[in-house]
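K.L.:
structural data only, the sequence is not supplied:
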């Protein structure tokens with residue numbers, strides 16, 4: 001009954017191991033989902049198999065998964081989901097940061113900011129310091145909000161595409177055909 005996208009969102013949620021712990025998580029594994037799909041042949045099986053191929057560990061929200069799928073569906077390379085990277089800060093120290101989506105090879109980060117990033121003053125201050133540290137280390141940090149994901153998704157794709165191209169990424173012939 002669900003679309004491929006909704007199946008991926010649900011599966012990403014089910015296999016998430018929270019970075020700072022969480023009771024009862026993950027709820028299942030990708031392998032168990034695969035076994036369940038194979039054990040229960042139904043009309044939606046091809047859709048379920050397609051979705052399983054797109055499931056990735058680490059997505060901490062529906063919007064992170066939707067953003068990852070949007071970029072993938074428009075021919076961009078597969079980003080790493082929620083990696084921790086070491087950056088050199090403005091004052092020369094090293095700091096470990098987590099990025100929502102990262103194209104590490106090209107030092108391009110794509111991060112989804114929910115409304116709490118705007119309305120929570122403490123979170124907003126932390127975001128500014130983090131942004132400064134990431135960009136001081138040479139990363140391009142692309143911030144995406146709901147408008148960029150749900151209203152103007154092609155603008156978001158173009159922003160990420162432009163950033164990757166500026167860092168040397170070139171679409172393959174296969175990518176352009178998508």
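P.N.:
Sure thing, it's come through. Note that the structure is a prediction, hence the values are computed from the model and not measured. Numbering: from 1, shown residues only.
K.L.:
pull the contacting residues for residue 134.
P.N.:
Contacts for residue 134 (C-beta atoms under 8 Å, 6 or more residues apart in numbering) come out as 87, 97, 99, 109, 141. To be clear about C-beta, it is placed using only N, CA and C from the backbone, and glycine gets the same treatment.
K.L.:
what backbone torsions are found at the second one?
P.N.:
Dihedral angles phi and psi of residue 97 (degrees, to the nearest 10) take the values phi -130, psi 150.
K.L.:
helix or strand right after whichever strand or helix holds residue 31?
P.N.:
Element membership for residue 31, per DSSP states H and E: helix 30-39. Next along the chain after helix 30-39, taking DSSP H and E as the criterion, comes helix 45-54.
K.L.:
what angle do that next one and helix 30-39 make?
P.N.:
Compare the direction of helix 45-54 with that of helix 30-39 by axes from the mean of the first three to the mean of the last three C-alpha atoms, to 10 degrees and you get 170 degrees.
K.L.:
chain center to helix 45-54, what's the gap?
P.N.:
For helix 45-54, the separation from the chain centroid amounts to 19 Å (computed by C-alpha atoms, centre = their mean, to the nearest Å).
K.L.:
list the buried residues for it?
P.N.:
Within helix 45-54, the residues that count as buried by 16 or more other C-beta atoms under 10 Å are 47-48, 51-52, 54.
K.L.:
what of stretch 84-96?
P.N.:
Buried-residue list, stretch 84-96, by 16+ other C-beta under 10 Å: 85, 87, 89, 95.
K.L.:
next up, phi/psi of residue 128, please.
P.N.:
phi -60, psi -50.
K.L.:
actually, residue 142.
P.N.:
Residue 142 adopts backbone torsions of phi -100, psi 120, taken as degrees, to the nearest 10.
K.L.:
which residue sits closest to it, ignoring its sequence neighbours?
P.N.:
Closest residue in space to residue 142, ignoring its immediate chain neighbours: residue 110 at 4.8 Å, by C-beta to C-beta, 6 or more residues apart in numbering.
K.L.:
for the one you found, give its distance to residue 70.
P.N.:
Between residue 110 and residue 70 the distance is 10 Å, computed by C-beta to C-beta, to the nearest Å.
K.L.:
do residue 45 as well
P.N.:
Following C-beta to C-beta, the distance that separates residue 45 from residue 70 is 25 Å.
K.L.:
picking that back up, which one of residue 110 and residue 70 is surrounded by more residues?
P.N.:
When neighbours are counted by other C-beta atoms under 10 Å, residue 110 and residue 70 differ, and residue 110 comes out ahead with 26 against 21.
K.L.:
show me the helices in this protein, by range?
P.N.:
In the chain, the helices defined using DSSP state H lie at 4-15, 30-39, 45-54, 62-73, 116-119, 121-136, 146, 153-166, 173-176.
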